[in-house]
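[1] Give me a model of this one.
(chains A and B)
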Amino acid sequence: MSQSKKHLQSVKVGHFKHTANSETEVMPIPDVVKISMSQHIGAPCQPLVNKGDTVKVGQLIGDTDAFVSAPIHSSVSGTVLKIDEQRSAMGGSDRLVVIETDKKQEISEEIEIPHVQDLKGFVEAVKKSGLVGLGGASFPTHIKYNPKNLDEIDTLIVNGAECEPFITSDNRIMIEEAEDILDGMKLIMKYMDLKVGYIGIEENKPEAIQNLNAIIAQQGLENVKTFTLQARYPKGAERVLIYEITGKTLNAGVLPAELGVVCSNVTSVAFVGQYFRNGMPLIRKRMTIDGDAVTTPKNVYAPIGAMISDVMAFCDGYKTEPKKILMGGPMMGRAIFSDQMPIVKNNNAILAFSKRQSFIPEETQCIKCGRCHLVCPFELLPFAYAEAYKANDPQKLSDLDIMQCMECGSCAYICPARIPLGFINKLGKSLVKEAGIK
Amino acid sequence: MENEKKVYDKLLVTSAPHIVSSIDTQKVMANVLVAMAPALAVGMYVFGMRVIALTLVCVIASVGFEWIYNKFMKKQQTAGDLSAAVTGVLIAFNVPSSLPLWIAIIGCFVAIIIVKQLFGGMGRNFVNPAITARIVLFVSFATQMTTWPLPSMAPVTDATTGATPLGLWAADKSVDTMSAVTNNEMFLGFIGGCVGEVSAFALLVGGIYLIWRQIISPLIPACFIGTVFLFALATSGSFDMAIFHVFAGGVMLGAFFMATDYVTTPMLPIGKIIFGVGCGILTMVIRIWGAYPEGVSFSILLMNIVTPLIDKFTIEKLYGGVKKNEKK
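    Predicted coordinates:
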């Protein structure tokens, strides 16, 4: 990672942005929603409602005292059927509040527009909104906006790169709700006392860039700029984005705050703008529904807790039998085992693929072409990790800097021998962790 | 599908990424085959139709040996990935067009069975199969391997064979070879020599195609050819002589098609530079001071052998955790 380079290494991945022009449609409220109590990194929430309780839209239904956590609100009005347990996409177990909806969508009395004076109040309000990192990491946002070294931070970077193929929900928000993004930026920059804000967008979203530039010019904002990124993967990865915009190298395990940067996804920032206008907590999410098994790919506003099968039904169901369903994009998204999973806060896409597109061809011998090294943003050595992992050598993996890997999957994407390098990197990293090597 | 709510709960769960690029090993090899087509066409034009028979026999024999070995040893079948076909064409490129077919088949056996498969097959051989086959044939069948048919455009005489420009030069280094063949003729390939190495122009076209398709890195060819050029310029002081050394013999074929073999060359850019320069120096040392007129095969073979050392050095010393972190 030399500072002299203008761009980090990247890979050209097909865009497949079929839904870039499809305006977001609001999905009707389903009969039943299942709201997970664990929609963020950190401690799961405890349900605050019991079987038989009636709930309203925006009502707090899950919370915890733990620091790294975010409260959970009801996305519907209705009656609590039960508190359920279900296997989660991560493999663990999730507690779910199952609510039978009454379709009236009565708004809870708890909803109030936040009035804040200072950063403390702002962070408090963000925490109350239930906001987590909506780019995918689902890290509770209020912690991010309350860093220890506040004095050293001067830059806000808003991530609108959306480098994952298929996903267009960030693109749509930048076209449909651009004012909210700028409102959110103004709030964050005001309370955190930041000097400059950038919105990083890949060049394959010209409409979004034009739209934001026009509104920035119209509002006369001098300290907010759009930053056009190459349309290559993974320009939207936090560490890559920060390098591309500021030229500062962010090593693994270092927080952006240490480089004087706060980095948030456009959707998170737009939500901040909306929340301070109407006080409605995070209860619905815009997401791209696509993949060759979906009849009508589109962008959907789905209530948190809706079943994936219900969202699919809104897109006219499956065209062919789905063999693989992903939460997120095809490069870093998580494959889930069932379509009976609820929508969670950080979903930005649900992709359903047919049998034909679900299988990756058989692994063959490494031909030592070195492509994995040439596409790695951090110039790591995936081919060497694969050998060291097979030799069960955590010391060597650690010596060769495997812990710098952010699991973007570029190496596995490009590998002509179809070696699952991304998976090997994950396994290799856990091998190093287990061995306790620092 | 609407009337009955079907539940899909036995979906495929795999680790990300869930898509892969369209370039696989077979496509890489297919691109190499395409890049070799111009040189093959010039070979056919210069040496006649026997080139087709020779190339076909080499390809069929190489793919056949690969298929038989994998079948017999119950290994993953790699005959379809076209790497054996590339080896076959390269063997045909590296022999005189008049070579008896049975000798060519022995070459294919050496390349595929001995060099490639006995060391573990695709990706595991430590030297280039086609280069090694050429050297084995060269020392085993010296007469047949150094009988050079005349190019079809040579002036009609009773002779049917002649010497290569490099052979003429090696026989008497004081002779002005430029009077026998011009660099222009050598660039186009209207000279005696191995089937695939005569036309620098056709090989250059193929090489540029491979670089354009990002199949090979330009580092090795550039360093190899550049070193040969500078070395010749420095030792002879003649610009024409430097050009002669670049176009003569197997430099172009070796630099673009054999010194760029992924398996037997360094993986990291810095290693590729070391490899290319090493090939260039060894080639010129053998040409100028060695007993053989041509040194490309030996230089690539020798650099193949040190490739694991180059890789070890570049990966562990230049990228190894401690050193790299110190740099930051």
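
[2] Tell me the confidence at the most centrally placed residue in chain B?
    For chain B, the residue nearest the mean C-alpha position is B:M258 (2.1 Å; Cα atoms, centre = their mean). In this model, B:M258 is scored at 94, pLDDT.

[3] Flag every buried residue along the helix or strand of chain A with the lowest mean pLDDT.
    Ranked by mean pLDDT, DSSP states H and E, the weakest helix or strand in chain A is helix A:355-358, scoring a mean of 88. By 16 or more other Cβ atoms under 10 Å in any protein chain shown, the buried positions in helix A:355-358 come out as A:357-358. Every C-beta, even on glycine, is put in place using the N, C-alpha and C of the backbone.

[4] How about residues contacting it?
    Residues from elsewhere that reach helix A:355-358 (Cβ atoms under 8 Å, 6 or more residues apart in numbering or on different chains): A:291-292, A:320-321, A:323-324, B:12, B:18.

[5] at 6 Å what do you get?
    Contacting residues not belonging to helix A:355-358 are listed as A:292, A:323-324, B:12 [Cβ atoms under 6 Å, 6 or more residues apart in numbering or on different chains].

[6] so the residue nearest to the centre of chain B touches B:T132, yeah?
    No - judged on Cβ atoms under 6 Å, B:M258 makes no contact with B:T132 at a distance of 10.5 Å.

[7] Make sure I have this right: B:F298 is in a helix.
    Yes - checked against DSSP: H, G, I helix; E, B strand; the rest coil, B:F298 lies within a helix.

[8] what's the closest non-adjacent residue to it?
    Excluding its sequence neighbours, the residue lying closest to B:F298 (Cβ to Cβ, 6 or more residues apart in numbering or on different chains) is B:I286, at 5.8 Å.

[9] Then B:G107?
    Excluding its sequence neighbours, the residue lying closest to B:G107 (Cβ to Cβ, 6+ apart) is B:A133, at 4.1 Å.

[10] got a list of what the one you found touches?
    By Cβ under 6 Å, 6+ apart, the contact set of B:A133 is B:91, B:107, B:110-111.

[11] before we move on, which element is it in?
    helix B:129-140 (DSSP states H and E).

[12] Which positions in that helix come out as buried?
    Buried residues in helix B:129-140, defined by neighbour count with 16+ other Cβ under 10 Å: B:129-138.

[13] Next SSE downstream of it?
    Immediately after helix B:129-140, counting by DSSP H and E, sits helix B:142-145.

[14] list the buried ones in that following helix?
    Buried residues in helix B:142-145 (16+ other Cβ under 10 Å): B:144-145.

[15] can you give me the mean pLDDT across that helix?
    On average, helix B:142-145 scores 90.

[16] Likewise for stretch A:372-386?
    92.

[17] care to break the chain down by domain?
    Going with chain A. Listed by automatic domain parsing, the domain ranges of chain A are A:119-278, A:371-435.

[18] Chain B, not that one
    Domain segmentation of chain B under automatic domain parsing yields B:25-143, B:163-316.

[19] Quick one: closest of these to A:I199.
    The closest of the domains of chain B to A:I199 is domain B:163-316. By Cβ to Cβ, the value is 31.8 Å.
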